[in-house]
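[1] Following is a predicted model, sequence given first.
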Amino acid sequence: MKKKQVLIFGIPIIIILFCSYYFFGGSSDSNVNLTIKVKKGDFVSEVVTSGEAQSNSLKKIMGPSNLRDFNLRELKIQDLIPEGSVISKGDYVGKLDPSGVNGQILDAQLSLETAISKYTQQQLDTILTLKQERNAIKDLSFSMEETELELKQSIYEPPATIKKLEINLEKMKRDLKEKKENYRIKKRQANAKMVEVGTEVSKNRKKLKDLNELLKSLTIYSDGEGMLTYHKDWNGKKKIGSSIYQWDATIATLPNLTKMESITYANEVDIRKIKKGLEVMVGFDAFPELTLLGIVTEVANVGTKKRGSDIKIFQVMIELKETNENVRPGMTTSNTIITNEIKDVFTVPIEAIFSRDSISYVYSKSGFSITKKQVELGESNNDDIVILKGLTDKDIVYLNKPDGYEDLKIAKLN
């Protein structure tokens, strides 16, 4: 009786152990065969990227915008309040290095002093020259009066003497007329020179005034209120020691925290799936439990090379349709872009798909047997792929190649 019981219960146990060893055991060098059932349900195709939160509506805090007028290519930031400071209108923000402007102020002061000296010298020269010309005219007028008087008293003189006096008087009249004309010309010349040196004085005085105003503007104050964030350009965030330039004098920004967006980048493969208007679930590394709804608003047409790599990446802008008081500019975002959604389809993990000679197939388990089945594939995401033909939700597939079935013939689709 005991032997019969051993046979009844022992034989099935031995068979089970043998099958387990055959399918899942083997030598230490054999692979562990993992299987999974084909799923039926809704498939979501998505692209997941990391990005950075920023405001799409912000007020810029600028340094001087007229650096080009003073031949200043750039100015270094000498002082800057901490990022994240909450400021009001008129509050101190920072200061720019004044050394370059101070040097120009000294040069402008010397130029102004030189121009004033030239103006004074020209003024004195003009006074002296015109005075000499007026005296010469007066002297000639007196000589004419004397000659006229002498001519009147020479009625009893010989005709030759009278004629000589008349000639001298006529010559003096001509000389007086010429001197008066010369005086008018020299006066106009003197006025022109005075205007010239006077303009030089005004020009240097204005330049000095502008430089002093520029020096004052190097101390930056806020013209708005909010939370200050450092401006970010191609060279990174502005900070103490960074520079502002002729073409971009922005130092910091006051973002509108109610209008936020996520800036991210997608590779060449994923960018083909991303279009304007797609929904995005935006997560935040700082708050793992927080997820906000977003929408793709802009997709770059031209890619740029990733720094330190030959990979091309394309910029994608995502507007947040929801707000949260914890979201701040500069936070790292995780962007799940939903590119497509298909209802009621069969899916398997990507690891279950194999290919040979452009034919896609799976290893399917049916009882104790294994078959190779050709499948027709649809869309895929990072984890799963849609099966259009070849499998149903009753099938079980392998996630790796079972040992010994590499040369098994593929069952083609009808």
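    Structure's in. What do you need? Residues are numbered from 1 along each chain as shown.
[2] could you pull out the strands for the stretch 151-300 of the chain?
    Along the stretch 151-300 of the chain, counting by DSSP state E, counting those that start in this stretch, strands occupy 219-221, 226-227, 229-230, 232-233, 236-237, 243-245, 250-255, 260-267, 279-284, 287-299.
[3] tally of neighbours for the residue lying closest to residue 323 once chain neighbours are set aside?
    Excluding the flanking residues, the one nearest residue 323 by CB to CB, 6 or more residues apart in numbering is residue 258, at 5.5 Å. In this view, the C-beta of every residue, glycine as well, is placed from N, C-alpha and C. Applying other CB atoms under 10 Å, we find 11 residues neighbouring residue 258.
[4] roughly how far apart are residue 258 and residue 371?
    59 Å (CB to CB, to the nearest Å).
[5] Let's have the strands of the stretch 151-300 of the chain in a markdown table, adding mean pLDDT, distance to residue 329 and mean neighbour count.
    Converted to a markdown table, those look like this (pLDDT from 0 to 100; distance: least, CB to CB, whole Å; neighbours: other CB atoms under 10 Å):
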| stretch | mean pLDDT | distance to residue 329 | mean neighbour count |
| --- | --- | --- | --- |
| strand 219-221 | 95 | 19 | 16 |
| strand 226-227 | 88 | 8 | 18 |
| strand 229-230 | 90 | 5 | 21 |
| strand 232-233 | 82 | 9 | 14 |
| strand 236-237 | 82 | 11 | 11 |
| strand 243-245 | 92 | 19 | 19 |
| strand 250-255 | 92 | 5 | 22 |
| strand 260-267 | 95 | 8 | 22 |
| strand 279-284 | 96 | 12 | 21 |
| strand 287-299 | 96 | 15 | 15 |
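[6] Let's have these in TSV, adding distance to residue 212.
    Output for the strands of the stretch 151-300 of the chain, formatted as TSV (distance: least, CB to CB, whole Å):
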stretch	distance to residue 212
strand 219-221	13
strand 226-227	31
strand 229-230	29
strand 232-233	29
strand 236-237	31
strand 243-245	20
strand 250-255	21
strand 260-267	41
strand 279-284	47
strand 287-299	44
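[7] residues contacting the residue most central in space within the chain?
    In the chain, the residue lying closest to the centroid (CA atoms, centre = their mean) is residue 233, at 4.4 Å. Residue 233 sits next to 248, 250 when contact means CB atoms under 8 Å, 6 or more residues apart in numbering.
[8] Swap in 7 Å and give it another go.
    By CB atoms under 7 Å, 6 or more residues apart in numbering, the contact set of residue 233 is residue 248.
[9] any idea how far residue 246 is from residue 327?
    34 Å.
[10] So those two - more neighbours on which side?
    residue 327 (22 against 16).
[11] Would you confirm that that one contacts residue 261?
    No - here residue 327 lies out of contact with residue 261, judged by CB atoms under 7 Å, at a distance of 10.5 Å.
[12] just checking, residue 183 touches residue 135?
    No - the criterion here is CB under 7 Å, and residue 183 misses it with residue 135 at 10.6 Å.
[13] okay, those two: which has more neighbours?
    Neighbours were counted for residue 183 and for residue 135 using other CB under 10 Å; residue 183 has more, 17 against 10.
[14] residues contacting that one?
    Taking CB under 7 Å, 6+ apart as the test, what residue 183 contacts is 133, 134, 137.
[15] If we use 8 Å, what do you get?
    Per CB under 8 Å, 6+ apart, neighbours of residue 183: 130, 133, 134, 137.
[16] Look up how far residue 118 lies from the residue lying farthest from the centre of the chain.
    Most distant residue from the mean C-alpha position of the chain: residue 156, 103.0 Å away (CA atoms, centre = their mean). For residue 156, the distance to residue 118 equals 60 Å [CB to CB].
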